[in-house]
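# For reference, the sequence and a predicted model appear below.
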Amino acid sequence: MATLSYVNVFARDIETLPDFYARLFGLEEIAEQRSAYFRALKTGASLIGFNGPQAYGLLGLEDRTEARGVKLFLTFDVEGPDAVAALTGQAQALGARVIKPAYDTAYGARQAVLADPEDNVFRINAPLAAAATE
């Protein structure tokens, strides 16, 4: 069975975008992986990699630098519905834009959909069942 080790995000600003996620979610950078065009943050079982524009050429993706539309999004699970609200506000203070305010999903979660400072989409999610058992 394969395991997911990294989810990588292309970043226009290799300093600011990883810092946004590190500050918002309390994620730690993996300093030994830092380079002029890469940063990585620990998220638990997998890592988020941030690739600078140079990575398009390194990966043979020069013809895809102008991709349009949402191709993937990150989902961060948090402790409960109150954390969704608090982190949504904190994300806005750090430069994110709310796309869909916190709502209860059909699959038993409370979540908000946002765009980070570079307009990448992410969700802040909390299972409602966890809140019921607290």
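That came through fine.

# can you confirm residue 21 is in a strand?
No - counting by DSSP: H, G, I helix; E, B strand; the rest coil, residue 21 is not part of a strand but helix.

# quick one: residue 43 from residue 28, how far?
9 Å (C-beta to C-beta, to the nearest Å). No exception for glycine: its C-beta is placed from N, CA and C like everyone else's.

# These two: which has the busier surroundings?
residue 43 (17 against 10; other C-beta atoms under 10 Å).

# any idea how far the closest residue to that one other than its chain neighbours lies from residue 106?
Excluding the flanking residues, the one nearest residue 43 by C-beta to C-beta, 6 or more residues apart in numbering is residue 27, at 6.0 Å. Going from residue 27 to residue 106 by C-beta to C-beta gives 29 Å.

# neighbour count winner among these two?
residue 27 (18 against 5).

# Any figure for the gap between that one and residue 81?
21 Å.

# And for residue 11?
Taken as C-beta to C-beta, the span from residue 11 to residue 81 is 30 Å.

# just residue 128 next, same as before
For residue 128 relative to residue 81 (C-beta to C-beta), the value is 7 Å.
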